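In: A predicted structure for the sequence below; I have some questions about it.
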Amino acid sequence: MNFDLTEERQMLQDTLRRYLADKYDTATRNAILDSDAGMSAEIWTGLAELGVIGALFSEADGGFGGAGFDIAVVFEELGRAGVVEPLMDTAILGGGLIAALGDEDQKLLVEEIIGGGLHVAFAHGEPSSRYDLRRVETTVAADGDNVVLNGRKAVVANAEAAGQLIVSARESGAAGDADGISLFLVPADTKGFTMRGYAMMAGGRAAEVTLDNVSVPASARLGAAGEALPAIETAVVSANVALAAETMGAMESATALTKEYLMTRKQFGRPIGTFQALAHRMSDLLIELEQARSAVINAAGHLETEPRIRDMQIASARNLMGRAGRLVAEEAIQMHGGIAMTQEYELAHIAKRITMADHRFGDTDYHLERFIALSAA
Amino acid sequence: MNFDLTEERQMLQDTLRRYLADKYDTATRNAILDSDAGMSAEIWTGLAELGVIGALFSEADGGFGGAGFDIAVVFEELGRAGVVEPLMDTAILGGGLIAALGDEDQKLLVEEIIGGGLHVAFAHGEPSSRYDLRRVETTVAADGDNVVLNGRKAVVANAEAAGQLIVSARESGAAGDADGISLFLVPADTKGFTMRGYAMMAGGRAAEVTLDNVSVPASARLGAAGEALPAIETAVVSANVALAAETMGAMESATALTKEYLMTRKQFGRPIGTFQALAHRMSDLLIELEQARSAVINAAGHLETEPRIRDMQIASARNLMGRAGRLVAEEAIQMHGGIAMTQEYELAHIAKRITMADHRFGDTDYHLERFIALSAA
Amino acid sequence: MDLNYSAEELAFRDEVRAFLDEKLPKDISAKVRGRGHLTKQDMERWHAILNEKGWLAPNWPEEYGGCAWNAVQKHIFDVECNFASAPRIIPFGLAMLAPVLMKFGNQQQKDHYLPRILNGDDWWCQGYSEPGAGSDLASLKTRAVRDGDHYIVNGQKTWTTLGQHADWIFCLVRTDPDVKQQEGISFLLIDMKTPGVEVRPIILLDGAHEVNEVWFTDVRVPVENLVGEENKGWTYAKYLLTHERTGIAGVGSSQAGLDAVKRMAGSEIHNGRPLIENPHFAARMAQVEIDLMAMSTTNLRIISKAAVGQAPGVEASMLKVKGTIIRQEINDLARRAAGPYAMPFPSEAVEGDNDPIGPEGAGVVSAQYFNNRKLSIFGGSNEIQRGIIAKVTMGG
Amino acid sequence: MDLNYSAEELAFRDEVRAFLDEKLPKDISAKVRGRGHLTKQDMERWHAILNEKGWLAPNWPEEYGGCAWNAVQKHIFDVECNFASAPRIIPFGLAMLAPVLMKFGNQQQKDHYLPRILNGDDWWCQGYSEPGAGSDLASLKTRAVRDGDHYIVNGQKTWTTLGQHADWIFCLVRTDPDVKQQEGISFLLIDMKTPGVEVRPIILLDGAHEVNEVWFTDVRVPVENLVGEENKGWTYAKYLLTHERTGIAGVGSSQAGLDAVKRMAGSEIHNGRPLIENPHFAARMAQVEIDLMAMSTTNLRIISKAAVGQAPGVEASMLKVKGTIIRQEINDLARRAAGPYAMPFPSEAVEGDNDPIGPEGAGVVSAQYFNNRKLSIFGGSNEIQRGIIAKVTMGG
């Protein structure tokens, strides 16, 4: 047992932190938020050149990392800086699924992703699926050598920027069944896609995607027909580590900003941090931050363990992050007062990142239920 | 709509408060706690003479009150003074059930109760029933003109002092059925009772009661055979109003003691109540106290309404009292520090009354579940 | 005690319902229900309708055109308006400035401003907060220097709600810089069209423009716009802050919000069942509903007491704290209920004339969650309120 | 990073398990599991068994007879001891006085006292707190006046845990009343058998006698019982308070407590199903388990850092606060699980040789709930800890 980062990861963390401190200040990020694309191509290229995307893939897949702690280190830094660029969507989910299920040809895309040349979106959730990974109602029908997809996908992050979409569809069974789900790698310019894009509350863009007789060759299928769920679950496990780490990084920023504010802002002639009520509440935030850090370590460190233990650690981390994150985001705003209510202040965005992470791949209660179910199993 | 006490109730409250302030100080009460009987006969007689027991019965039943606000006024004062004498067991439950179901002869006992001459215990809960009023496994069998009772009753409050026990038993059906439960009025000296008595954490005494072929005339049955549950539920509704009001009264004392302590105790040269953290936490207690007061008013004011509304208000009040009571009890102790950890300090007993009320007729979660179920109905 | 409405109270409730049913414009109530953006015109229309009915000023004495309602009637009106999705009435003129003018203004000011407030001729905003002062009002720096028949005002106000619509602003200004902080402050009425007044928008974290900075550069204000005596403004401001505030608990708003959450949770499906049946979600909902039931009674108790002339004092602070906690908890429940559909930003792409996406009402749950963090910050933060409660109840 | 135990660590764990299995007396572990009353003899027996094995002092250097364990080993030992229901080792001599003597005591004191602590010859108690001083240690009033080769001690200590068993007490006393509060304090060792020392029991709210008042009336203490320099006692006390405290988080104790709650909730029936399946109870249990999983890792991270020479500093305060919150929450869960059977008072009538009543372990859940309110009060209240965290991290 030991809790030291390897030298490589320490270096990755330092490099990334310096890069973001340098290139990703509040004004830059707020300009990105206001832009039509909702992200910066320059930053994306920069991150790829730094090797940040490659760090999310194993050597076998052409990267130089890919373990739980690689994901944690990268996303903690992204969270700390409030980065809105879609690394989770393109690399962890998109790249992860292609690497896990793709054939030789399909896997060539991973190289493109690592190089920063390709965006991917994971079009899986549907208007009535909430957080249930099995609730897929999009249909797939054979049509000669082709397959035809019909259905609706909800809040598909990064959909408009994606060159390729990974679309889930049901080959057989009912909406909530584990079996019968396939994934298809569909170029964005395929006929039959309709996208209604929008910005998201915490930055980045997503879209409602309608598939109206989207016809692709059967070879676009990723992996075996009807057997995609395990790979989806594995990719989402990694995404949950990323989300937890990102939230923790954002919590670090929120507490740091609050600490600084409490030390500099004066009221009734004293720094407000010397008022006992605020000082004690600040202490509680710092305690929860340490809890969050440990939860991320536990989740990242169990990414490669047996599924039940792994899933308990993931559910545990996301539940804790939901509770501690809410506390930190709300208290940080409250202790700042009015300034934190303004869009131009750094904390506003950071608090939104923390809160909105609770809406991806299960919220606080969803993960609590999962933890309870896994405990009883 | 109005929120003023009637003159009679205001007078009852003032009289009772003065009496208890005069006769029931910490030292007296702690001596009662240490006594074998676990209660004071003198206080009991005093309360009866003041009309406090009579106030819990309607005029039709020989009293001069019996409405929700009568119960609330009395039990708020009992709670405020940390009274351990079993008014809830003898009057609200025992007397209430006899008044509701008894025949002319049986009802004569109500007069005795009001006069302070008779104690009653409600022997209903069983070792595996927890808070479920329907889970009765004690059996009753006909034997000529007699009936024979067999079973075990758990944590029967006031059992040892009672001249009469009201014993529930099942005539038909399975343990959780609504139908088939009868009540029997059994003199305490009836053969076949075994009692294992003990003191309770928050004062008063209870017993594990074993019924081994307890034989009583069939006329000892209260009301119709197998149909006692509605009356039991109604009596328990009143008991819940009493518990809520008692808890609220105890919360008043806990907050008053804490306020006083914070104003007098000095640390680092200042009253500790001037430290902002404690001041703000004290404010939160005062806010919850107002919430508790309103919850008691709501519960008491709906005692005579239709069952669903009434039960929602009761469940609501007990759930709120469980949450607010825990906060107040724990925070009052914490803000006092060491002194509140000692048995001889008033708050120690008050905090125990608040906390242990959460174990009678359903705890915080039980009432939350009931509220949810009633909301959905 | 009696928790039931009397026959008169029931009749009043029916009258309010009938009025709302008939007179509240459907396009406005639809916007309120969908938590859409209300225009200035929307708010002015509803103001005029209420004024015509004589129901605009529940807290004003009859002599000035008020309703002369008792506490229960005010409560009924609040609940019914929220239930019917009526917009809230902008309080700055009606509920904040008017009581100060009635108590401290001169006859001319009362005669001039009060009818104009009722008629909606003047849109008022409030100039209390200043940058860097937070809840410490007494440290304000905006200066007013007497120059003949005028004050020359220089300085800056902030967090001025709906200042972009306002015709007038009532301001606290420092008229004597040489005395202790709370002295030397005056209460001044300033026409927003006066040269030197500049309004700059502040965009809140949810993207909304509802507060502003107001800058004063050599603004000339006639001395007759002074309310009461010079350097006594702090007294008037305190009066305003502690004045009876029926709506401070936000009971009606919370009830309407909770109803909306129930609707959404009834239609959202989680694990094959409506979310409302999920025990964890149901538990969150039940606890806030239970808290709200109690606070609703606390509110009625307190305003009933206030109605017979007892000052609500510290209890208003209690209602503010608990009321905001409950409202913010309901906002939190709403975002949870919406699931992934809480993530979209409520821009024109997903609102307005476009079909909404996600479950009904989901479009703005997150914006409202973030926007309403202000409830515990503005108007005297919850920390300030807790300090007041402690100070009043414990002394010192 | 690697969260798995290494082969060596696993071997160590097995060794600890085998030892506990063989050497921990079954009557003692049964008492601990049932949360029964441990006698002085029980505690001394276990102390002696550990001493024989050489496992009594995980934090002592090897030269004094310590274990020389690393952080992970200490954690393993803590968890396994709690899992096996071993009694906790009384810390006053071993974990509190000993480090002070090692660092500040003279050779004679080390040679005399340290072996006696290991051997259990002296039972130590702590004389820090005084009536009316609370967490404000520096305001202490117990006076020690030099009189030839002796100090004459007068005053009163309170909250002295297990002082009724103690042979010796280490005390903070005021030797110079004329200087600032934290100066003029000395660290003195006092034989409890000295004339003028009187121990008076304090009964805690759960009925337990575990703390005491200790009164000093003209108690003559030889000057050689002074540790370090006169008037430097505050430094030594601070050293003790901030000294590495492996067990401060109470991880092993919380895990054992949570296991007990799970057992009870597995057998209690609620609505026809085991309580453990009730979603509301399960939610409470899961949340505290999740918090404990994280804190366990926090604890390991911190003690690992401490092991390589980095001072744990403010992190010990964090562990104290979170650790007590978790332990108290588990106590609360236990009382809830017991249902109505949480109400009986755990007197001899329902304990000891009598059959227990109610579900297994229910007899003492309430007593433990109330007793453990002390966790966040004694040993530096959670308020003091929060103050330390704020002060260290924010300065000022």
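Out: Alright, I've got the coordinates.

In: mind listing what A:R29 touches?
Out: Applying CB atoms under 8 Å, 6 or more residues apart in numbering or on different chains, we find A:R29 in contact with A:A81, A:G82, A:V83, A:V84, A:G203, A:H349. In short, each C-beta sits where N, CA and C put it, glycine included.

In: need the three-state assignment for it.
Out: Secondary structure state of A:R29, per DSSP: H, G, I helix; E, B strand; the rest coil, is helix.

In: in JSON lines: the contacts of A:R29, plus neighbour count, secondary structure and pLDDT.
Out: Converted to JSON lines, the contacts of A:R29 look like this (neighbours: other CB atoms under 10 Å in any protein chain shown; DSSP: H, G, I helix; E, B strand; the rest coil; pLDDT from 0 to 100):
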{"residue": "A:A81", "neighbour count": "23", "secondary structure": "helix", "pLDDT": "98"}
{"residue": "A:G82", "neighbour count": "28", "secondary structure": "coil", "pLDDT": "98"}
{"residue": "A:V83", "neighbour count": "28", "secondary structure": "coil", "pLDDT": "98"}
{"residue": "A:V84", "neighbour count": "23", "secondary structure": "coil", "pLDDT": "98"}
{"residue": "A:G203", "neighbour count": "22", "secondary structure": "coil", "pLDDT": "97"}
{"residue": "A:H349", "neighbour count": "22", "secondary structure": "helix", "pLDDT": "97"}
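
In: ok, now which ones touch the residue lying closest to A:I232 once chain neighbours are set aside?
Out: In space, and not counting its chain neighbours, A:I232 is closest to A:L133: 5.8 Å by CB to CB, 6 or more residues apart in numbering or on different chains. Shown in contact with A:L133 (CB under 8 Å, 6+ apart): A:H124, A:L229, A:I232, A:E233, A:V236.

In: between those, which has the most around it?
Out: Neighbour counts for the contacts of A:L133 peak at A:H124, which has 26 neighbours (criterion: other CB atoms under 10 Å in any protein chain shown).

In: which SSE is the nearest residue to that residue once chain neighbours are set aside in?
Out: Sequence neighbours aside, A:S168 is the residue nearest to A:H124 in space, at 4.6 Å (criterion: CB to CB, 6+ apart). Secondary structure assignment for A:S168, by DSSP states H and E: strand A:164-170.

In: contact partners of that strand?
Out: Contacts for strand A:164-170 (CB under 8 Å, 6+ apart): A:93-94, A:97-98, A:109, A:118, A:120-124, A:136-140, A:149, A:151, A:153, A:156, A:159, A:177, A:180-188, A:193, A:209, A:211, A:214, A:222, A:228, A:232.

In: quick one: buried ones out of those?
Out: When those are checked for burial by 16 or more other CB atoms under 10 Å in any protein chain shown, the buried set is A:93-94, A:97-98, A:109, A:118, A:120-124, A:136-138, A:140, A:149, A:151, A:153, A:156, A:159, A:180-186, A:188, A:193, A:209, A:211, A:214, A:222, A:228, A:232.

In: from these, which land in helices?
Out: Among these, DSSP state H puts A:L97, A:I98, A:L109, A:I232 in helices.

In: do you know the pLDDT at the first one?
Out: Note on A:L97: pLDDT of 98.

In: dump the residue contacts of it.
Out: Counting by CB under 8 Å, 6+ apart, A:L97 touches A:F122, A:I166, A:L183, A:L222, A:A231, A:I232, A:A235.

In: now pLDDT too, for these, in TSV please.
Out: Formatted as TSV, the contacts of A:L97 follow (pLDDT from 0 to 100):
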residue	pLDDT
A:F122	98
A:I166	98
A:L183	98
A:L222	98
A:A231	98
A:I232	98
A:A235	98
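
In: chain B: which of those is nearest?
Out: Closest approach to chain B among these (CB to the nearest CB): A:I232, at 33.4 Å.

In: what is the burial count for A:D145?
Out: By other CB under 10 Å, neighbour count at A:D145 equals 8.

In: was I right to think it contacts A:A220?
Out: No. Between A:D145 and A:A220 there is no contact under CB atoms under 8 Å: 10.7 Å.

In: the residue in the stretch 201-350 of chain C positioned nearest to chain A and C:K374, how far apart?
Out: Proximity of the stretch 201-350 of chain C to chain A (CB to the nearest CB) peaks at C:L205, 3.7 Å away. Relative to C:K374, C:L205 is positioned 9 Å away (CB to CB, to the nearest Å).

In: need the overlap of contacts for those two.
Out: When contacts are counted by CB under 8 Å, 6+ apart, C:L205 and C:K374 are jointly contacted by A:M341.

In: the helices in the chain, which residues?
Out: Answering for chain A, as no chain was given. Under DSSP H, chain A gives helices at A:7-23, A:26-34, A:41-50, A:68-81, A:87, A:96-101, A:104-115, A:229-264, A:276-301, A:307-336, A:346-356, A:364-376.

In: that's the wrong chain, I wanted chain C
Out: C:7-23, C:26-33, C:40-53, C:71-83, C:91, C:98-104, C:107-119, C:233-242, C:251-267, C:279-307, C:314-338, C:365-371, C:382-394.

In: pick out the shakiest of those, pLDDT-wise.
Out: Note on those: lowest mean pLDDT is at helix C:233-242, with a mean of 83.

In: put the alpha carbons of that helix into CSV.
Out: The C-alpha coordinates for helix C:233-242 follow below in CSV (Å, rounded to 0.1, in the frame of the first residue of the first chain):
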residue,chain,number,x,y,z
GLY,C,233,-31.4,57.8,7.0
TRP,C,234,-30.2,54.9,9.0
THR,C,235,-33.3,55.0,11.2
TYR,C,236,-35.5,54.9,8.1
ALA,C,237,-33.5,52.1,6.6
LYS,C,238,-33.7,50.0,9.7
TYR,C,239,-37.5,50.6,9.9
LEU,C,240,-37.8,49.4,6.3
LEU,C,241,-35.6,46.3,7.1
THR,C,242,-37.6,45.3,10.2
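
In: what sits up against that helix?
Out: Contact partners of helix C:233-242, identified using CB under 8 Å, 6+ apart, comprise C:96, C:99-100, C:103-104, C:128, C:137-138, C:172-173, C:175, C:182-183, C:185-188, C:227-228, C:311, C:313, C:316, C:380.

In: and if you look at stretch A:281-289?
Out: Stretch A:281-289 has contacts (CB under 8 Å, 6+ apart) with A:248, A:251-252, A:254-255, A:258-259, A:262, A:273, A:324, A:327-328, A:331-332, A:335, D:317-318, D:321-322, D:385-387, D:389-390, D:393-394.

In: is stretch A:172-192 positioned near chain C?
Out: Yes. Using CB under 8 Å from any CB of the partner chain, we find that stretch A:172-192 touches chain C at A:G176.

In: A:D25: neighbouring residues, count only.
Out: For A:D25, using other CB under 10 Å, the count is 12.

In: next, work out how far apart it and chain C are.
Out: Separation of A:D25 from chain C (CB to the nearest CB, to the nearest Å): 18 Å.

In: for chain B, what are the nearby residues on the stretch 151-300 of chain C?
Out: Residues of the stretch 151-300 of chain C lying close to chain B (CB under 8 Å from any CB) are C:276-277, C:279, C:282-283, C:286-287, C:289-291, C:293-298, C:300.

In: and the lowest-mean-pLDDT helix or strand in chain A with chain D, contact?
Out: None of the helices or strands of chain A scores lower by mean pLDDT, DSSP states H and E than strand A:266-267, at a mean of 84. No. Strand A:266-267 lies out of reach of chain D by CB under 8 Å from any CB, never closer than 11.6 Å.
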